[in-house]
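# I'll drop the sequence and a predicted model, then ask my questions.
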Amino acid sequence: MKKLVALGLTYAIIQILIMTNLISDYIQATLVTICINIILAVSLNLITGFTGQFSLGHAGFMSIGAYICALITMRNPTVYGFLIGVFAGALAAALMGFLVGLPTLRLRGDYLAIATLGMSEIIRIIFLNLEITNGAAGLNGIPQFVNWTWLFIFMTATVLGISNFIKSSHGRACISIREDEIAAEAMGIDTIKYKVIAFVIGSFCAGIAGALYASYFYFIKPDLFGFLKSVDILVIVVSGGMGSISGSILAAILLALISTYLQSFPEIRMVLYAAALVAIMIFRPQGLMGSRELSLELFGKLGDSLKSKKGRV
Amino acid sequence: MEGLLQQVVNGITLGSIYALMALGYTMVYGIIRLINFAHADVYMIGAYVGYFCMTFLKLGFLPSLVIAMFVCTVLGILIEKIAYRPLRNATRISVLITAIGVSLFLEYGMMFFVTANVRTYPEMTGIMARSLKLGNIVVSMQQIILVSITIILMILLQFIVKKTKIGKAMRAVSMDKDAAELMGINVDSTISFTFGLGSALAGAAGVLVGVYYNTINPLMGTVPGLKAFIAAVFGGIGIIPGAMIGGYFIGAVEVLVAGYGNSMYRDAVVFAILILILIVKPSGLLGKNTREKV
Amino acid sequence: MTILDVKKVTKSFGGLTAVAKASLKLEKGELVGLIGPNGAGKTTLFNLLTGIYTPDSGTISLYRDSQEIMLQGLRPNKICNAGLARTFQNIRLFKDLTVLENVLIAMHKNVKYGFIPSFLHLPSYKRQEEELINDSIELLKIFNLDDKKDELAKNLPYGEQRHLEIARALATNPSVLLLDEPAAGMNPAETAELTRIIKEIRQKFDLTILLIEHDMSLVMSICERIYVLDYGMVIASGTPEEIRSNKRVIEAYLGEEVNNA
């Protein structure tokens, strides 16, 4: 119940701010980026943080969603076209996730990382050379259908869906793979099936994120979805805590804010980013939240401790 | 026929570069099971050091090469000490992410200092500017020198690994780190040495590329680095002769695809080879399958 | 009635033959021991039975509901679903998960809800989850671990970790349970408790148990039959008395102190 209220409030507040023009276009763009990154980070977290499969190709799935959706909405610029575009994009990305996942998910950690990186690069090169995607010049003038409402719906659906999945027995099966794959198999878990499932769910959501990106920023090109983008998402997941959904959400918000602040120093930004990444891995590899979740109970506990400190009134 | 032979010459040249870089990847992976993403950027820095030596210090080719190799050796050892050693017992994902971080740090740090603009190596004069004509095939002296230097370095490497005490230590540590330590081997120095060795080769590759292809930029390492790693995997990661074979194989494939197929898909073919190898025989051409003891 | 029939199973690694034409048979309800010197191939045999390794030759048959299921070549999860569960010599608990979660994961095959209910947390999901949790807690009670259900597995004392290993294997509802050195590192009091638990679960869950152990007092006291493995071969089998006086076994493994067992 508390959750629904919090969600409803969040939606309403921001919606009001937008409608009364209190939020500038620039901040709106940042908000969109944050929501898209939340979807990307939570879905990558499912694959890498919860199931322990190291994927460096998440941006590839995002690009599939983006291009498919763009191509559909450009030919069918209606809300229905947009929705079909999003789901078609997500399904295509999920299919790719299945095709990529099936052969490569039996590889060990670092090999899997390189394989997913390779797949993502192959996807990018294909998009770079196809006529329909307009090659390096990319697609411009994609109809914009994304507004706060759609963004909120898709973001909430993805985060809640994945969060619920994790709590279920299927989610536990995925987590057991991360913990000890051999023991998991011995306890009857079909590890191959669940690795692929995590991959497919993750890539489906990445496809959604890509479609949303295309339908807001109205311009996409293959280089936007390269290795650097995959690393971007990975940084969010790692700094939030691999295995913590709330960590990913927090990190997405924080990193977007930091990014905006460093906007005026573009060269230094990446250097600081990279240095921060190394520092996090050495000094606090569990990121912000480790594998714990931020819950409203935590606020309750904080409140209690504050009350007891203040003493009786 | 001559076109093919010309391509073979080009392939051998390119393959030498990949082989030099692949050696660094394979040695580091063999000893601490890390894909050193930063290796490609050590190569880039080698190229820049060479550029600096030749352009501003007006040094000749060989002195620049040696200085670049030396600087890269130091750099490689430093990176290991600062970024990888604290994570010796961390999860593989953690170290991999750190390697990515170091790589980005070097790339963008370099961009900050020298800007993203492309720099051009000074014109080579004298013997370096000549070429031989064998029938209709042109072989430049640069190509010959490049391949010769590569072969000399590889022979030197084989000598170090097979015939010296430190080489034996390297092999021992790659097989079983703890056992090697118990035998009195200084694991830390051995690992540092391995990094230094691999980085020296990368530095050499950087200078050779600068001379041969002329232009350098801070992001020049990314794609060749990936291909060199794929070469190492192809030949058998952790196996030194494998890296050499892999390097020449990938070089040949790339040149042939660009020459006879579609050069657009040149890179995609190399990645596809990677996927294929990982699916069919992840241990690579010369590799053996090792199982986890349960 | 035979429940597990292992016929001439062989496994080599490179030039080393770890298990050589080993055969053994388990009758339903038996408690059988598997002993032998270190490196004899006992754990390798367990790994062959549970699908972690595939035998080079030989067959492994599990009998369930009068049907024969050939286990060799199957993946470990399929073998577990067929009814063969195991514990590991070096504890392989899900260390960073709670005691309850460790057991819940092993209960996965009882789950009937699909993916949609798990995304949406439908009532069918909620009902089944409650059942699973209750069943898991009941199981933990046998091992006195129910009050520690929210404790992280890695924080449990060693003896309780070993108990949790067994509880987790039991949660997969096996008909045959393979225990790999369950008493390793335990003191006499803990071993006595373990002995009691093994007897209790055998009876309560109608199990057939195959037990690898070095602790001869445990083996001799509860095993009805014993197989002896040496250099990958079965060199003897029989009752504890027969094994105790078997010259080959004494030479290879037991030594002269066997009278103190």
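Done, it's in. Numbers count the residues shown, from 1 in each chain, chains lettered A, B, ... in the order given.
# Pull the residues that contact the helix or strand where A:Ala173 lies.
Secondary structure assignment for A:Ala173, by DSSP states H and E: helix A:169-179. The contact list for helix A:169-179 (CB atoms under 8 Å, 6 or more residues apart in numbering or on different chains) reads A:46, A:49-53, A:165-166, A:183-184, A:187, A:189, A:191, A:194-195, A:197-198, A:243, C:94-97, C:101, C:104-105, C:107-108, C:111, C:113, C:115, C:118, C:129, C:132. From N, CA and C alone the C-beta is placed, and that goes for glycine too.
# same thing but 7 Å
Applying CB atoms under 7 Å, 6 or more residues apart in numbering or on different chains, the set of residues contacting helix A:169-179 from outside is A:50-52, A:165, A:184, A:189, A:191, A:194-195, A:198, C:94-97, C:101, C:104-105, C:108, C:111, C:115, C:118, C:132.
# pLDDT (mean, whole number) over that helix?
Throughout helix A:169-179, pLDDT has a mean value of 94.
# in that helix, what counts as buried?
With burial defined by 16 or more other CB atoms under 10 Å in any protein chain shown, the residues of helix A:169-179 counted as buried are A:169-179.
# can you check stretch A:17-36 too?
Neighbour-count burial for stretch A:17-36 flags A:18, A:23, A:28, A:30-36 (criterion: 16+ other CB under 10 Å).
# Any chance of JSON lines for these, columns distance to chain C, pLDDT and secondary structure?
Below are the buried residues of stretch A:17-36 laid out as JSON lines (distance: CB to the nearest CB, whole Å; pLDDT from 0 to 100; DSSP: H, G, I helix; E, B strand; the rest coil):
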{"residue": "A:Ile18", "distance to chain C": "29", "pLDDT": "78", "secondary structure": "helix"}
{"residue": "A:Ile23", "distance to chain C": "32", "pLDDT": "76", "secondary structure": "coil"}
{"residue": "A:Gln28", "distance to chain C": "30", "pLDDT": "86", "secondary structure": "helix"}
{"residue": "A:Thr30", "distance to chain C": "29", "pLDDT": "89", "secondary structure": "helix"}
{"residue": "A:Leu31", "distance to chain C": "26", "pLDDT": "91", "secondary structure": "helix"}
{"residue": "A:Val32", "distance to chain C": "25", "pLDDT": "93", "secondary structure": "helix"}
{"residue": "A:Thr33", "distance to chain C": "26", "pLDDT": "93", "secondary structure": "helix"}
{"residue": "A:Ile34", "distance to chain C": "23", "pLDDT": "95", "secondary structure": "helix"}
{"residue": "A:Cys35", "distance to chain C": "20", "pLDDT": "95", "secondary structure": "helix"}
{"residue": "A:Ile36", "distance to chain C": "21", "pLDDT": "96", "secondary structure": "helix"}
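# now, which of those sits nearest chain B?
Set against chain B, the nearest of the buried residues of stretch A:17-36 by CB to the nearest CB is A:Thr33 (19.8 Å).
# That closest one touches A:Ala256, doesn't it?
Yes. Between A:Thr33 and A:Ala256 there is a contact at 5.7 Å, judged by CB atoms under 7 Å.
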